[in-house]
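Visitor: no letters, just coordinates:
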Ligand SMILES: Cc1ncc(COP(=O)(O)O)c(C=O)c1O
């Protein structure tokens, strides 16, 4: 396998895409939304329980490619326990990480290996929508939350 | 047939992909590559003979007017239509279906009427009808597809009635690659006097079509799936229907006399071709038909059938690979899934090897739901593909599988 592909399909991505720690449904949740990519059919339902002003618990279910699944899993992991005030900042950081047009190097943005793995999407523009599917939809949801 | 010689007419294959590989193009069901003759017809028009058509009595407008009429004649012969009057140029299959929906069917519809389509339809032959149903209180009846990919012909017989105002059906599914028996369907539809529209988008690059033998009322296709340019296509329609229906569009080029009070329209086919047409596109379509005609139909059939059978048996040998639909009446289109690997991931791996395949729902979401797969990989062949392309595909699939296991 070539180096380009290796960088995209790092062990982190493969492992996270198979991990079922965050897969499933919550009995009790404050926010539920669907991230859907009509171009390829990838579809995830995300549920978030908000308590004490922070993301207490997150789960996702649905189907998609290994990159979109890993990305949903890392979203859940990365935002678990995060205070509402800082969620947006974290989501925006991730979106910049996968954005080939960003003028920052991925390493300048974070040293979290699990997040950095997705920076390879910069080399695969056709896979960017897989990497940022759930994150972008979460950002939309945060916007609506703010308005209401 | 000398496939190398045929392939050498397609300039795109002379270069390497960005990953330094030979291009192995297996997405012909989406669109086919272009031979030099089609490219030349278009560049010649723009660089040496550019003008409008129909309206200018000067060179080069007179030349182009003659050429457009010649293409109409070529299309007529290609489909074995009775007359050039039955050939209307459009922007493609989607455009054609929408135009029939709007100008032919919509003015007749009333609540309680039925439009019949099938479960294998491309969104292009589903959504225009769905919208009509919404607007006119019409019912959409959907012919079920069997596990083999064949339509349930018994079901059609039982459900056809005078209430069905149009049966709109593809000649071949763009996902399963199973060809439908159009003759059988038009024979059934004759009994209830239901007009039949055939979506021939998937068949013209590899099958000769005879609209008189099929006895269909309308037929649509796109040039770009049969070696021609994008943005151009054809609606074939029986003369009586083209005559009776409203113009596809209103504007210049279709009228006889115009006053602010009223206008009357030219005879068919011009009545349905308002506006300056896609002249380069039509000329390219003419060159594409010439390209197909110079290939021997028998040898094309044999080549594509051999490739398809070879691909089916090579793919089936891969562990965990499942092919959607059966192998009877199979066009060179194969959709499959591989256990544990998402089609999108497969497509990224194949792309690194210079192999173009389609991953996703192929604009046929209800069909994929019917087969209970969220997405599939589709490979589809054209005259320039070879067994070596399939060997490389299989090798790359095995490598992908090894990586993900
Ligand atoms: C069966 C079928 N019908 C209709 C279409 C639509 O063709 P176009 O996009 O050229 O209008 C396609 C192309 O994808 C097709 O495969």
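Guide: That came through, no problem. It should be emphasised that the depicted structure is a prediction, and the values quoted were computed from it without experimental measurement.
Visitor: what helix or strand is the closest residue to residue A:19 other than its chain neighbours located in?
Guide: Closest residue in space to residue A:19, ignoring its immediate chain neighbours: residue A:73 at 5.7 Å, by C-beta to C-beta, 6 or more residues apart in numbering or on different chains. For glycine as for every other residue, the C-beta is placed from the backbone atoms N, C-alpha and C. Using DSSP states H and E, residue A:73 sits in helix A:66-79.
Visitor: on contacts alone, who are the packing partners of that helix?
Guide: Identification of packing neighbours for helix A:66-79 by 3 or more C-beta pairs under 8 Å, 6 or more residues apart in numbering or on different chains; DSSP states H and E yields helix A:11-18, strand A:43-51, strand A:54-63, helix A:84-97, helix A:113-116, helix A:128-147, helix B:343-352.
Visitor: quick one: residues contacting residue B:67.
Guide: B:283, B:286 (C-beta atoms under 8 Å, 6 or more residues apart in numbering or on different chains).
Visitor: I'd assumed it was in a helix, is it?
Guide: Yes. Counting by DSSP: H, G, I helix; E, B strand; the rest coil, residue B:67 is found in a helix.
Visitor: could you check how far it is from residue B:249?
Guide: Distance of residue B:67 to residue B:249, given as C-beta to C-beta, to the nearest Å: 23 Å.
Visitor: where does chain B have low pLDDT?
Guide: Filtered on pLDDT under 70, chain B yields no residues whatsoever.
Visitor: interface residues of it facing the ligand?
Guide: B:92-94, B:122, B:124-125, B:170, B:174, B:199, B:201-202, B:222, B:224, B:363 (C-beta under 6 Å from any ligand atom).
Visitor: helices - which of the residues you listed land there?
Guide: Taking DSSP state H, the ones among those that sit in helices are B:93, B:94.
Visitor: for the residue in chain A that the ligand sits nearest to, helix, strand, or coil?
Guide: Of all residues in chain A, residue A:39 sits closest to the ligand, at 14.0 Å by C-beta to the nearest ligand atom. With three-state DSSP as the basis, residue A:39 sits in coil.
Visitor: check contacts around it.
Guide: Applying C-beta under 8 Å, 6+ apart to residue A:39 gives the contacts A:129, B:360.
Visitor: just the one 4 residues further on next, same as before
Guide: Residues near residue A:43 by C-beta under 8 Å, 6+ apart: A:34, A:35, A:36, A:37, A:62, A:63, A:64, B:374.
Visitor: report the buried residues of stretch A:78-91.
Guide: Buried residues in stretch A:78-91, counting neighbours by 16 or more other C-beta atoms under 10 Å in any protein chain shown, are found at A:78, A:79, A:82, A:87, A:90, A:91.
Visitor: touching, the third one and residue A:53? I think so.
Guide: No. With the criterion set as C-beta atoms under 8 Å, residue A:82 and residue A:53 do not qualify as a contacting pair; they are 10.3 Å apart.
Visitor: for the closest residue to chain A within the stretch 101-250 of chain B, which non-adjacent residue is spatially closest?
Guide: Residue nearest to chain A within the stretch 101-250 of chain B: residue B:123 (10.6 Å; C-beta to the nearest C-beta). Leaving out its chain neighbours, the residue that sits closest to residue B:123 by C-beta to C-beta, 6+ apart is residue B:363, at 4.5 Å.
Visitor: now do residue B:394
Guide: That would be residue B:314: by C-beta to C-beta, 6+ apart, it lies 4.9 Å from residue B:394.
Visitor: which strand or helix spans the one you found?
Guide: helix B:297-316.
Visitor: which SSE is immediately downstream of that helix?
Guide: By DSSP H and E, the next helix or strand past helix B:297-316 is strand B:321-323.
Visitor: and that next one, which strands flank it?
Guide: When pairs are called by DSSP bridges, strand B:321-323 turns out to pair with strand B:333-338 (antiparallel).
Visitor: now the strand it pairs with, how far from the chain's geometric center?
Guide: Its chain's C-alpha centre and that of strand B:333-338 lie 19 Å apart, by C-alpha atoms, centre = their mean, to the nearest Å.
Visitor: taking helix B:297-316 as reference, get the angle to that strand.
Guide: Angle of strand B:333-338 versus helix B:297-316, following axes from the mean of the first three to the mean of the last three C-alpha atoms, to 10 degrees, is 0 degrees.
Visitor: what's next to strand B:333-338, contact-wise?
Guide: Contact partners of strand B:333-338, identified using C-beta under 8 Å, 6+ apart, comprise B:29, B:172-177, B:202, B:308, B:311-312, B:315, B:318, B:320-325, B:343, B:346, B:362, B:373, B:375-381, B:397, B:400-401.
Visitor: the one residue in the stretch 1-150 of chain B that gets nearest to chain A - how many residues pack around it?
Guide: The nearest approach of the stretch 1-150 of chain B to chain A comes at residue B:19, 7.4 Å away (C-beta to the nearest C-beta). When neighbours are counted by other C-beta atoms under 10 Å in any protein chain shown, residue B:19 registers 12.
Visitor: next, the contact list for the nearest residue to it once chain neighbours are set aside, please.
Guide: Counting by C-beta to C-beta, 6+ apart, residue B:352 is the residue found nearest to residue B:19 once chain neighbours are left out, at 5.4 Å. For residue B:352, the contact set (C-beta under 8 Å, 6+ apart) comprises A:2, A:4, A:5, B:19, B:21.
Visitor: what of residue B:233?
Guide: B:89, B:90, B:91, B:92, B:93, B:95, B:96, B:220, B:221, B:222, B:223.
Visitor: mind pulling up the pLDDT for the residue of chain A closest to the ligand?
Guide: If you check residue A:39, the pLDDT there is 82.
Visitor: distance of the closest residue to chain B within chain A from residue A:118?
Guide: Proximity of chain A to chain B (C-beta to the nearest C-beta) peaks at residue A:65, 3.7 Å away. Counting by C-beta to C-beta, the gap from residue A:65 to residue A:118 is 13 Å.
Visitor: what of residue B:262?
Guide: Counting by C-beta to C-beta, the gap from residue B:262 to residue A:118 is 64 Å.
Visitor: the more surrounded of the two?
Guide: Neighbours were tallied for residue B:262 and for residue A:118 using other C-beta under 10 Å; the higher tally belongs to residue A:118 (27 against 7).
Visitor: what is the three-state secondary structure of that one?
Guide: Here residue A:118 is recorded as helix under three-state DSSP.
Visitor: quick one: contacts for it?
Guide: A:13, A:67, A:70, A:71, A:74, A:94, A:97, A:98, A:131.
Visitor: report how many residues lie close to the last one.
Guide: Neighbours of residue A:131 under the rule other C-beta under 10 Å: 29.
Visitor: list the contacts of it.
Guide: Per C-beta under 8 Å, 6+ apart, neighbours of residue A:131: A:67, A:68, A:71, A:98, A:118, A:121.
Visitor: which of the residues you listed sit farthest apart?
Guide: A:68 and A:98 (11.7 Å; C-beta to C-beta).
Visitor: and the gap between residue B:161 and the ligand?
Guide: Distance, residue B:161 to the ligand, by C-beta to the nearest ligand atom, to the nearest Å: 26 Å.
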